[in-house]
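K.L.:
Just the structure for this:
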Amino acid sequence: MNGTLHWDATFPLLRLDGAGTRNFVQGQTSADVTNTPEGALVQTCWLTATGRLRALLELRLRADGADVLVLAGDATAVSKGFDQVIFPADRVRLQPITEQRRVQPLSSNSVALWLDHNSPTPPNWTSDPADPQQFERWRIEQGLAIGPGEISANANPLELGLADHVSLSKGCYLGQETVAKLANLGGTKQQLRGWICNQVLSVGDTLRCNGERAGTITSVLATPEGSIGLVLVRRQHLAAETLDGSESQSVQLHTLPMDQRPAVG
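P.N.:
Residues are numbered from 1 along each chain as shown. Predicted coordinates:
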């Protein structure tokens, strides 16, 4: 790892203790953790009963429990949601929310590490911490759906490009029935795309095609050349190359991940 940037941030952490923790997490989140080794990091989704994304989690299983890092979403809501469905027979205890430092190189297929707050990065890391602008650009270019506009319970993980965090073969879990139905029917009504525009748009803006609503902006980053971001595009308009903004801006669409650099002019 040479000459790159890394993401260095602190996230809320939920601690689950008890012999039944693995089974509990298996039934409450979307990834299959049956054979996940202790100490390995695995990302998973916490969904509503109708399969909408409420939080993106990163788990680290222990022999006596699990640590649940809330990568995106409302950690208090996750804690309350877990607490409401923990029963004595589950053999699980939920501890108060703490914090965990997490570092990750800003490169494709990079592996994250959890570190103590004062620990240095590994000796072979020669990268610098990314500033907020650099990180947000990388996040958008990768299509990493962790912005408030994506984690809004208005989309399911298949629509947000998080299908690899969802098991379609394990047993029942919260939201499983809806997600399995959508996957089997190929019926997602929208998909995440990247966009570029010479003008700055706003989260929540509606994009249109021939006057018809075609998508909703979920993330925006202003750059010196214009703006880039993420948008949920309705299925019938996924083949469009450009859509119209609310003030007739021309918004160019791209699949993800990609290097989005707005053109000048």
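
K.L.:
For the stretch 51-200 of the chain, which segments count as strands?
P.N.:
Along the stretch 51-200 of the chain, counting by DSSP state E, counting those that start in this stretch, strands occupy 53-62, 65-73, 93-94, 98-105, 113-115, 128-129, 190-197.

K.L.:
Export the ones you listed to JSON lines and append columns for mean pLDDT, mean neighbour count and distance to T4.
P.N.:
Backbone N, C-alpha and C define where each C-beta goes, glycine included. Compiled in JSON lines, those are given as follows (pLDDT from 0 to 100; neighbours: other Cβ atoms under 10 Å; distance: least, Cβ to Cβ, whole Å):
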{"stretch": "strand 53-62", "mean pLDDT": "97", "mean neighbour count": "22", "distance to T4": "21"}
{"stretch": "strand 65-73", "mean pLDDT": "97", "mean neighbour count": "22", "distance to T4": "20"}
{"stretch": "strand 93-94", "mean pLDDT": "98", "mean neighbour count": "16", "distance to T4": "37"}
{"stretch": "strand 98-105", "mean pLDDT": "97", "mean neighbour count": "17", "distance to T4": "6"}
{"stretch": "strand 113-115", "mean pLDDT": "97", "mean neighbour count": "16", "distance to T4": "15"}
{"stretch": "strand 128-129", "mean pLDDT": "93", "mean neighbour count": "14", "distance to T4": "9"}
{"stretch": "strand 190-197", "mean pLDDT": "95", "mean neighbour count": "23", "distance to T4": "21"}
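
K.L.:
Quick check: can you list the domain ranges of this structure?
P.N.:
Domains of the chain are assigned by automatic domain parsing as 5-142, 190-254.

K.L.:
Just want to check the distance between E150 and L192.
P.N.:
From E150 over to L192 the distance is 7 Å, taken as Cβ to Cβ, to the nearest Å.

K.L.:
Kindly reformat the domains of the chain as JSON lines containing distance to A180.
P.N.:
Output for the domains of the chain, formatted as JSON lines (distance: least, Cβ to Cβ, whole Å):
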{"stretch": "domain 5-142", "distance to A180": "9"}
{"stretch": "domain 190-254", "distance to A180": "18"}
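
K.L.:
So for G171, which of these sits nearest?
P.N.:
For these, the distance to G171 is smallest for domain 5-142, at 7.6 Å, taking Cβ to Cβ.

K.L.:
Kindly check the end-to-end length of the closest one for me.
P.N.:
14 Å (Cα to Cα, to the nearest Å).

K.L.:
The stretch 51-200 of the chain: helices as residue ranges?
P.N.:
Counting by DSSP state H, counting those that start in this stretch, the stretch 51-200 of the chain has helices at residues 75-85, 132-142, 176-185.

K.L.:
Check the offset of the shortest one from the chain's centre.
P.N.:
Centroid separation between helix 176-185 and its chain, computed with Cα atoms, centre = their mean, to the nearest Å, is 19 Å.

K.L.:
next one: the first one
P.N.:
Distance of helix 75-85 from the chain centroid (Cα atoms, centre = their mean) equals 18 Å.

K.L.:
burial count for P37?
P.N.:
Look at P37: counted by other Cβ atoms under 10 Å, it has 8 neighbours.

K.L.:
Identify the residue spatially nearest to it, adjacent ones excluded.
P.N.:
Residue nearest to P37 in three dimensions, not counting chain neighbours: L61, with 7.6 Å by Cβ to Cβ, 6 or more residues apart in numbering.

K.L.:
just checking, the one you found touches N23?
P.N.:
No. Look at L61 against N23 with Cβ atoms under 8 Å: they stay out of range, at 11.4 Å.

K.L.:
quick one: least confident helix or strand in this structure?
P.N.:
Every helix and strand of the chain was ranked by mean pLDDT, DSSP states H and E. The lowest is helix 176-185, at a mean of 86.

K.L.:
Not counting its own residues, what contacts that helix?
P.N.:
With Cβ atoms under 8 Å, 6 or more residues apart in numbering as the contact definition, helix 176-185 has outside contacts at 30, 47, 49-51, 156-158, 163, 166, 168, 187-188.
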